[in-house]
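With the input below, show me the fold.
(one chain, ligands or ions: 1)
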Amino acid sequence: MKPTVLAPRSGLLLATAMLLAGCDGPQSALAPAGDGAERIANLFWWMLGGSAVIWTLVLGLAAYVTRFSRGKHSLVASRWLIIGGGVVFPTVVLSALLIYGLMLIPALRTPEDVGMRVEVSGEQWWWRVHYPSPDGGDPIELANEVRLPLGERVAFDLLSPDVIHSFWVPSLAGKVDMIPGRTTELIVQPTQLGTFRGACAEYCGTAHALMNFQVVVMEPAAFDRWLAHQAEPAQPPRSEIAQRGLESFLANGCGACHAIRGTEADGRLGPDLTHVGSRLGLGADVLPNTTEAFVRWIGHTDRVKPDVRMPAYGMLPDDELAALATYLSELE
Ligand code: CUA
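This is a model prediction of the structure:
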């Protein structure tokens, strides 16, 4: 998008260009990749254009009276200026923008043509995700990552067990609060393939800023394969060190909070780890998904994410931490 040139000074032009260059990327409402985000971005550009016109008119008028027409002005003319420019003009422009903004709401809210419904619960400080099972069984529990088929309208049912969070993927749609005791809804229709970043947009405690997730928009066939894979139980350990990792996981009581489908671990308090190795990030997207990052996370959860509910297991010997990390990162 080309910046609107409002001032003749090249410094201002440069600053504007740099500012607008920062509006690109995987987490920008101004680089829309979804139906809702496109409508909201359009509204933003209309409002920006409207305010640019008014700003130009007001400054033009100020320049006119101070530079070019310094004499006395008639009382009648100034009265008409106040009525016309101060009452009628803003009422018309603001009403038009309000009507345009309100007209967007039905299209953003319509639950018709919704294909899949995905439930996301905001936790402190991560995201619990439930997808409908491909074979019609119990929903599949995942965490901290959402994948969507390109072009399909998907409804998110948004929940929270304790405090208010806000579910926001700026590239795809507007933001909707997750309120304890209620289910709110957000409809998303991705229009571009890619990986986008979501964040919690409502202060929810110490680690609010460390509560992120990735949204991957895939071709529908690839999405179906991904969901079918996520529905499967975890693969058994592939190496001796991974086997030791699984034993350590069970012996240290990790299964009291985490589930790994296909093993004895069936805890529900923390994120499901059945396919944790396939995710793009760790700890609600605060670390990359690597074996080293698993070691850092398990050993120092409190340093990576202050006040996190998961205790740090830094007292485990290094080789045991490495085995745990190997096992978990192989859970693809
Ligand atoms: Cu969850 Cu802020």
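
CA atoms for contacts and neighbours, from now on please.
Will do.

doesn't residue 225 fall inside a helix?
Yes - counting by DSSP: H, G, I helix; E, B strand; the rest coil, residue 225 falls inside a helix.

can you count the residues close to it?
By other Cα atoms under 10 Å, the residues close to residue 225 number 11.

Before we move on, what's the pLDDT of it?
At residue 225, the pLDDT value in this model is 96.

From residue 276, how far off is it?
17 Å (Cα to Cα, to the nearest Å).

got it, and residue 28?
Per Cα to Cα, residue 28 is found 27 Å from residue 276.

Same drill for the two, tell me which one is more crowded.
Legend: neighbour count by other Cα under 10 Å for residue 28 and residue 276, higher for residue 276 (24 against 20).

burial of the residue lying closest to the more buried one once chain neighbours are set aside, as a residue count?
In this structure, residue 276 finds its nearest non-sequential neighbour in residue 331, 5.8 Å apart by Cα to Cα, 6 or more residues apart in numbering. Here the count is done by other Cα under 10 Å, and residue 331 has 21 residues near it.

my guess is residue 38 contacts residue 32, does it?
Yes - using Cα atoms under 8 Å, residue 38 is in contact with residue 32, at 5.2 Å.

Need the overlap of contacts for the two.
Common contacts of residue 38 and residue 32, defined by Cα atoms under 8 Å, 6 or more residues apart in numbering, comprise residue 172.

can you list the residues of this protein near the ligand?
Residues of the chain found near the ligand (Cα under 6 Å from any ligand atom) are 125, 165, 200, 201, 202, 203, 204, 208.

run the last query once more with 8 Å
122-126, 163-166, 199-205, 207-209, 211 (Cα under 8 Å from any ligand atom).

Next SSE downstream of the helix or strand of the chain with the lowest mean pLDDT?
Scoring the helices and strands of the chain by mean pLDDT, DSSP states H and E places helix 10-21 at the bottom, with a mean of 69. Heading C-terminal from helix 10-21, the first helix or strand you meet, by DSSP states H and E, is helix 35-63.

What residues of that next one count as buried?
35, 36, 37, 38, 39, 40, 41, 43, 47, 54 (16 or more other Cα atoms under 10 Å).

Next secondary structure element downstream of that helix?
helix 75-81.

Quick check: mean pLDDT of stretch 321-332?
Mean predicted lDDT for stretch 321-332 stands at 95.

ranges for the helices of this structure?
For the chain, the helices defined by DSSP state H cover 10-21, 35-63, 75-81, 89-109, 220-231, 240-251, 291-299, 301-304, 318-329.

Columns distance to residue 267 on top of the ones you listed, output as a markdown table?
Listed next are the helices of the chain as a markdown table, based on distance: least, Cα to Cα, whole Å:
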| stretch | distance to residue 267 |
| --- | --- |
| helix 10-21 | 45 |
| helix 35-63 | 36 |
| helix 75-81 | 70 |
| helix 89-109 | 35 |
| helix 220-231 | 17 |
| helix 240-251 | 11 |
| helix 291-299 | 17 |
| helix 301-304 | 18 |
| helix 318-329 | 16 |
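
Now the weakest link among those helices, please, by mean pLDDT.
For the helices of the chain, where the average pLDDT is lowest is helix 10-21, sitting at a mean of 69.

How many residues are close by residue 78?
12.

Apologies, that question was intended for residue 242.
Residue 242 has 22 neighbours, counted by other Cα under 10 Å.

Pull up the gap between it and residue 321, please.
Distance, residue 242 to residue 321, using Cα to Cα: 11 Å.

Residue 128 now?
Taking Cα to Cα, one finds residue 128 at 25 Å from residue 321.

Between those two, which is the more surrounded one?
Neighbours were counted for residue 128 and for residue 321 using other Cα under 10 Å; residue 321 has more, 24 against 21.

ok, and the closest non-adjacent residue to the more buried one?
Leaving aside its sequence neighbours, residue 321 sits nearest to residue 295 (Cα to Cα, 6+ apart; 5.9 Å).
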